[in-house]
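A.B. asks: Turn this into a structure:
(chains A and B)
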Amino acid sequence: MSNEAIMHGHANVISHDDVHHDEHHAHHHQSFITKYIFSQDHKTIGKQFLITGIIWGVIGGLFSVLFRLQLGFPDQTFPILETFFGHWAKGGVIQPEFYYALVTIHGTVLVFFVLTAGLSGTFANLLIPLQIGARDMASPFLNMLSYWFFFIASVIMFASLFVHTGPAAGGWTIYPPLSALHEAGDGSKIGMDLWLISMALFIVSSLLGGLNYITTILNMRTKGMSMTRMPLTMWAILFTAILGVLSFPVLLSGAILLLFDRNLGTSFYLSDIVVNGHILPNEGGSAILFQHLFWFLGHPEVYIILLPAMGMVSEILSVNSRKPIFGYMAMIGSLFAICILAFLVWAHHMFVTGLNPFLGSVFVLLTLLIAVPSAIKVFNWLTTLWKGNIRFTPGMLFAIGFVSLFISGGLTGLFLGNSTIDIHLHDTKFVVAHFHIVMGVASMFGMFAGIYHWFPKMFGRYLNNTLGYIHFWVTIIGAYLIFWPMHYEGLAGVPRRYLDLRGWHNFNKFDDLNKMITIVSMIVFAMQLMFIFNFFYSIFKGRKVRTQNPWGSNTLEWTTPINPGHGNWVGEIPEVHRWAYDYSKDGRDFIPQTEPIGADESKDH
Amino acid sequence: MVSDLKIENPNSSLREKGKKLHPHKFILWVAIGSILMMFAGLTSAYIVKSNQANWEDIKMPQIFWFSTGTILLSSLTIQMALRSFKQREMNRYRLLISVTAFLGVIFIILQWMGFQQLWNNGIQFEGVVGAGQFLYVIFGLHALHVFGGAIVLIVMVAKALFSNTKTYSSTGIEVAATYWHFVDALWIYLMVFFLWIR
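C.D. replies: A predicted model of the protein is given here:
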């Protein structure tokens, strides 16, 4: 991955230290291919990530509706499923192998392709150069490669859905030995290899992206843009990229060892296994080793998903409350604390693997410590809203929704972080409810907030507001209706990932609840399709943006033209004189970062 | 695919005073951190496994000492190449870069021979997992990184020999040299690691 860095470094040195040609940026000729396909413009690459992410969002969301059908209506048949999925839904009933494949791909796609590539990839690319005042990324070429690696990873994952034995079906965590043995089931055959190859390419893509994000933020800020004048989106994306760059390689090493075990007969993860009475030759391996390698990435990964949403929400809350963000430095400090702690808590996913209880208690302590920076952030968001002159734009509503979900989902983290309670709750619906609310839906809300807020910058048009409000209210009510009841099911012991719960008579009381959850999830899914309609319709037919700074925002992206070209600013890059949060100061609604500090201005800038 | 867009660095004046790294060098340093994490993951997996029952040790083939010598020598030649470039002694630069790339290829061949020697001594993939299997994976991944570097060097040689454009900025070759020293240091670490941890 670093080799390209060198190659590119060499390829570009000639032009790099030249005198600047500002007028050059405004109008240089581009063909359709260099402008929209193999583009090196960070804004276009951001849109490519977003649209690919949306396509994956539809696939991942649809899969969840399908397996919810099974969970809500296990005794009914849906012949239409057989029409579409053939032997996977024989007689209109979702087959066990298909069910596991659906759960696995739903998790993989949502975690990695939508909420990592679709979220970080979109907004890091779009916002970094615009908000720090740079023409483009440190290496636009690597940036383009980052998208195309993601694209190839997507194609391979998509292809795995169509192979005869089906896609990977060992859960998104692909624990060995199930994932390491072809004999374990259809989902451990070629689909698993495709999954691993796709993920390896995906890791390369996120590393190439992450290198660029870190370097650009630290190296290419415009004059006057000190680190502590950056908007919080930039801080969040910086920490996200650091987390990714340090944790994804460890997942890669785990995946490489797994590929060896699967295809070359090594036994890194395998030992003493008997399949159908046949003793396998593998000896000396440890399946727990994989869990350590996996969760060393896996835990930072949830913050890779969450931090960009936190950053965007901070920015959107401040802009739409017309108030400075409360506790700017505390926000940075808590992001930093989360970033450090993210690397020290991975074993809390492994409390029931026979982990030494003493070691477990250390991980309990470190896990519960995350509550401190999280609480600081929640406090600061609420105090930013407090007595604000709030404008309820769709983006703002989604940002407030994020805060709500983050609180509700975060509180259940305190239960799960305790190793003793976790023995009861591990692998139940309680866990599903917890991480979907705090990480899944919350980050989706952060992403929606970002899309509604920065859509005018991306496409020069607005999304339709009415559809936005409907989208918000149905989604937030739906999200709580889907996931809140799962806490009760989990406390009662309902396991996750099970195909059919009819065998347990004491779970019969949840039948109606499960039907309700399934119906609501279908409605919420339909609502997302409406959002996607809104998205694509508004790209071409939305209300046009007429003013440069529609939200009255301080940050630099709103000083560019309404439809900025490659290079972002016509003429000089503006100089920055203040932090990004001078709202409602000295009787003025907002003071852009580019405005020099006045002689009689009050002190807190 | 390199666009004709020229990226202006607003801090170029700062950089000239040596206060800021060139962005491409910075990218490399972050990438080095990232690569290190991958090898840290693998070597800590090795440590965890080596403390468990059923661990099988290996005898390090002698050939890896020759590859150590080769890669150390290539670090020296790329450093000399960088110096010649800065002194504008282009013929010596081309020669030294070619020698470095050549040594890189020799290194990979030596690694391959080392693997074969181990393999013929009965250290193979199947059966009980031990130091040997980890060695194949870890040294193999390291060799891949050297291979990537060698390709870049070959491209640089080709450019130095056939390109009509005169290049005065030494950033590209500096980035390449830093990377090359890194894979060298990484190799020393891995070698010491395998000799030490048993």
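A.B. asks: Helices along the stretch 301-450 of chain A, start to end?
C.D. replies: A:328-342, A:357-369, A:371-385, A:394-416, A:419-425, A:429-435, A:442-459 (DSSP state H, counting those that start in this stretch).
A.B. asks: Save those helices as TSV, and put in distance to chain B and mean pLDDT too.
C.D. replies: For the C-beta atoms, the positions are set from N, CA and C on the backbone; glycine is no exception. Shown next, in TSV, are these (distance: least, CB to the nearest CB, whole Å; pLDDT from 0 to 100):
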stretch	distance to chain B	mean pLDDT
helix A:328-342	14	96
helix A:357-369	13	94
helix A:371-385	23	97
helix A:394-416	25	96
helix A:419-425	21	93
helix A:429-435	24	97
helix A:442-459	20	97
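A.B. asks: any idea which of those is most buried?
C.D. replies: With neighbours taken as mean count of other CB atoms under 10 Å in any protein chain shown, these reach their highest mean count in helix A:442-459, at a mean of 25.
A.B. asks: Centre of the chain to that one, how far?
C.D. replies: Chain-centre distance of helix A:442-459: 13 Å, with CA atoms, centre = their mean, to the nearest Å.
A.B. asks: Remind me what it packs against, helices and strands.
C.D. replies: helix A:42-72, helix A:122-132, helix A:287-321, helix A:394-416, helix A:465-491, helix A:511-541 (3 or more CB pairs under 8 Å, 6 or more residues apart in numbering or on different chains; DSSP states H and E).
A.B. asks: quick check: angle from that helix to helix A:42-72?
C.D. replies: Interaxial angle, helix A:442-459 versus helix A:42-72 (axes from the mean of the first three to the mean of the last three CA atoms, to 10 degrees): 150 degrees.
A.B. asks: Out of the helices of the stretch 301-450 of chain A, the one nearest residue B:129 is which?
C.D. replies: Closest approach to residue B:129 among the helices of the stretch 301-450 of chain A (CB to CB): helix A:357-369, 23.6 Å.
A.B. asks: what's next to the closest one, contact-wise?
C.D. replies: A:341, A:344-348, A:351, A:355, A:413-414, A:417-419 (CB atoms under 8 Å, 6 or more residues apart in numbering or on different chains).
A.B. asks: closest one to residue B:105 among the helices of the stretch 301-450 of chain A?
C.D. replies: With respect to residue B:105, and counting by CB to CB, the nearest of the helices of the stretch 301-450 of chain A is helix A:328-342 at 40.5 Å.
A.B. asks: So in chain B, where's the weakest helix or strand by average pLDDT?
C.D. replies: helix B:12-16 (a mean of 42; mean pLDDT, DSSP states H and E).
A.B. asks: Going along the chain from it, find the next helix or strand for me.
C.D. replies: helix B:23-50 (DSSP states H and E).
A.B. asks: Next, the buried residues of that next one.
C.D. replies: By neighbour count on 16 or more other CB atoms under 10 Å in any protein chain shown, the buried set for helix B:23-50 is B:23-32, B:34-39, B:41-46, B:49.
A.B. asks: Stretch A:225-235 now?
C.D. replies: Going by 16+ other CB under 10 Å, stretch A:225-235 has these buried residues: A:225, A:229-235.
A.B. asks: now the residue lying farthest from the centre of chain B, what's its secondary structure?
C.D. replies: In terms of distance from the mean C-alpha position of chain B, residue B:53 ranks first, at 33.7 Å (CA atoms, centre = their mean). Following DSSP: H, G, I helix; E, B strand; the rest coil, the label given to residue B:53 is coil.
A.B. asks: Check the gap between the residue lying closest to it once chain neighbours are set aside and residue B:127 for me.
C.D. replies: Once flanking residues are discounted, residue B:53 sits nearest to residue A:284: 7.8 Å by CB to CB, 6 or more residues apart in numbering or on different chains. With distances taken as CB to CB, to the nearest Å, residue A:284 is found 8 Å from residue B:127.
A.B. asks: Specify which residue of those two has the higher count of neighbours.
C.D. replies: Between residue A:284 and residue B:127, residue A:284 has the larger neighbour count (other CB atoms under 10 Å in any protein chain shown), namely 21 against 18.
A.B. asks: Give me the neighbour count for the closest residue in space to residue A:125 that isn't next to it in sequence.
C.D. replies: Among residues not flanking residue A:125 along the chain, residue A:46 sits closest, at 3.6 Å (CB to CB, 6+ apart). For residue A:46, the count of nearby residues is 24 (other CB under 10 Å).
A.B. asks: Give me the pLDDT value at residue A:46.
C.D. replies: On pLDDT, residue A:46 comes in at 96.
A.B. asks: In contact with it, which residues?
C.D. replies: By CB under 8 Å, 6+ apart, the residues touching residue A:46 are A:121-127, A:458.
A.B. asks: which phi and psi does the residue farthest from the centre of chain B have?
C.D. replies: For residue B:53, the backbone dihedrals (degrees, to the nearest 10) come out as phi -60, psi 160.
A.B. asks: show me the contacts for the nearest residue in space to residue A:138 that is not next to it in sequence.
C.D. replies: Excluding the flanking residues, the one nearest residue A:138 by CB to CB, 6+ apart is residue B:23, at 3.7 Å. Contacts for residue B:23 (CB under 8 Å, 6+ apart) come out as A:138-139, A:215-216, A:219-220, B:9.
A.B. asks: Looking at the residues you listed, spot the one nearest residue A:42.
C.D. replies: residue A:216 (8.7 Å).
A.B. asks: which residues touch residue B:86?
C.D. replies: Counted by CB under 8 Å, 6+ apart, residue B:86 has contacts residue B:170.
A.B. asks: Model confidence for it, exactly?
C.D. replies: 91.
A.B. asks: And the one 5 residues further on, by the same measure?
C.D. replies: As predicted, residue B:91 sits at a pLDDT of 89.
A.B. asks: what helix or strand does it sit in?
C.D. replies: Here residue B:91 is assigned to helix B:90-120, by DSSP H and E.
A.B. asks: got it, and residue B:172?
C.D. replies: helix B:171-196.
A.B. asks: for that helix, which positions count as buried?
C.D. replies: For helix B:171-196, using 16+ other CB under 10 Å, the buried residues are B:171-184, B:186-187, B:190-191, B:194.
A.B. asks: Which secondary structure elements does that helix sit against?
C.D. replies: Looks like helix B:171-196 contacts helix A:2-16, helix B:23-50, helix B:63-86, helix B:90-120, helix B:131-162 (3+ CB pairs under 8 Å, 6+ apart).
A.B. asks: of all those, which lies closest to residue A:468?
C.D. replies: Among the helices and strands packed on helix B:171-196, helix B:23-50 sits nearest to residue A:468 (CB to CB), with 37.6 Å.
A.B. asks: and the closest one, how far from the chain's centre?
C.D. replies: 13 Å.
A.B. asks: same question, stretch A:571-581
C.D. replies: Chain-centre distance of stretch A:571-581: 29 Å, with CA atoms, centre = their mean.
A.B. asks: List the buried residues for it?
C.D. replies: Applying 16+ other CB under 10 Å to stretch A:571-581 flags A:573-574, A:576-581 as buried.
A.B. asks: Now for these: which two are most distant?
C.D. replies: Those two in those that are separated most widely, counting by CB to CB, are A:573 and A:581, at 20.9 Å.
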